[in-house]
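Visitor: Show me the folded form of this:
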Amino acid sequence: MSDEIQRIPQHRHCLNCNRAFVGEGRYCTPECENGRVTELKKKRNGLLIVWGIAVAIMVVAIVCSL
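Guide: Numbering: from 1, shown residues only. As a prediction, this is how the structure comes out:
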């Protein structure tokens, strides 16, 4: 039984699509890397907008309380 065990070669998983690949880097293809970078930029921009709105609300609240 132990003679039939297949070994999986050393590999990594792509951070974008989670597909297994053999090689260096964090992504399986340049397209996956570009897609991930675009996705992260969208998330960052969304968070910056939320933080900006929160700061604006705080400033308005402080000004109105004076």
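
Visitor: and the helix or strand containing L47, average pLDDT?
Guide: Using DSSP states H and E, L47 falls within helix 30-65. Here helix 30-65 scores 97 as its mean pLDDT.

Visitor: in it, what's buried?
Guide: C32, E33, R36 (16 or more other C-beta atoms under 10 Å). Heads up, the C-betas are built off the backbone N, CA and C, glycines and all.

Visitor: Show the contacting residues for the closest residue to E39 other than its chain neighbours.
Guide: Spatial nearest neighbour of E39, excluding adjacent residues (C-beta to C-beta, 6 or more residues apart in numbering): N16 at 7.8 Å. By C-beta atoms under 8 Å, 6 or more residues apart in numbering, the residues touching N16 are Y27, C28, C32, E33, G35, R36, E39.

Visitor: Report pLDDT for N16.
Guide: 92.

Visitor: OK, contacts around V55?
Guide: So V55 contacts nothing (C-beta under 8 Å, 6+ apart).

Visitor: Show the backbone phi and psi for L15.
Guide: Backbone torsions of L15, given as degrees, to the nearest 10, read phi -70, psi -20.

Visitor: Next, count neighbours for it.
Guide: 13 (other C-beta atoms under 10 Å).
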